[in-house]
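*Asks:* Next input, structure requested:
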Amino acid sequence: LTLYRYSDNQLLVIMLGFIVFTSEAAAYLKLSPLYVTFIAGMVVANRSQQRRLLLRTMLRAEKPLYLLLLTIAGALWRMPSLWLLAAAAAFIVLRLLAKTLGGIGAWRLIVAQTHLAKRRPFSSLRTSTSDTQADMSHRGLAVGIGLWSHGGIAMALGLSLHHIVADAISNELVTAVVLS
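*Replies:* Predicted coordinates:
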């Protein structure tokens with residue numbers, strides 16, 4: 001650890017060790033591990049001389065760490081009662097519908113604002129006269145579909161709660177996050 005310049009793999013191991021140590025220390029002190037590691041990460045990222053190397057290393061490790069998070073969530077998942085499965089299915093349908101319609105509406109709003117503005121700030125969103133209404137709706141649909149996933153934060157919050165308060169409600173929360 002006395003090296004000044006670390007390789008990417010060495011830096012990844014140091015960062016993961018720092019994250020695990022910080023989160024377990026926070027859990028031992030009955031603090032939120034996510035909040036404590038968030039604050040520690042902000043301090044390290046803003047005070048480090050090698051911020052770009054840290055960012056590159058974390059971006060490279062993001063997908064495998066997300067897969068590990070999903071594996072842990074799957075291992076903690078217990079088959080719930082039927083009413084929870086039905087509620088999760090209804091939630092999924094309503095959530096996907098709302099995000100898709102919201103994406104279409106937001107796209108139409110952005111396009112309308114760029115057409116009304118004298119100077120178009122979103123030059124990449126300019127549409128030519130050959131763009132049809134169906135093409136515009138298709139782009140809005142793509143924006144809505146892009147909003148479907150929860151991301152790792154919802155999964156991390158659910159697992160953090162389950163780690164701190166292991167009871168029936170946290171089991172149902174893990175189920176809801178895994179299913180959705």
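*Asks:* what bits of the chain have low per-residue confidence?
*Replies:* Where the chain drops to pLDDT under 70, the residues are 1-3, 80, 115-150, 180.
*Asks:* how about a cut-off of 80?
*Replies:* In the predicted model, the chain carries pLDDT under 80 at residues 1-8, 50, 76-85, 87-88, 103-104, 106-155, 157-180.
*Asks:* ok, longest helix in it?
*Replies:* helix 82-116 (DSSP state H).
*Asks:* What residues of it count as buried?
*Replies:* For helix 82-116, burial by neighbour count (16 or more other CB atoms under 10 Å) applies to 87-88, 99-100, 103-104, 107-108, 111, 114. C-beta here means a position set from N, CA and C on the backbone, and glycine is covered the same way.
*Asks:* from those residues, which two are the most distant?
*Replies:* 87 and 114 (40.2 Å; CB to CB).
*Asks:* Excluding residues flanking it in the chain, which one is nearest residue 11?
*Replies:* Nearest non-adjacent residue to residue 11, counting by CB to CB, 6 or more residues apart in numbering: residue 57, 5.0 Å away.
*Asks:* Surely the one you found and residue 15 touch.
*Replies:* Yes: assessed by CB atoms under 8 Å, residue 57 is found in contact with residue 15 at 6.6 Å.
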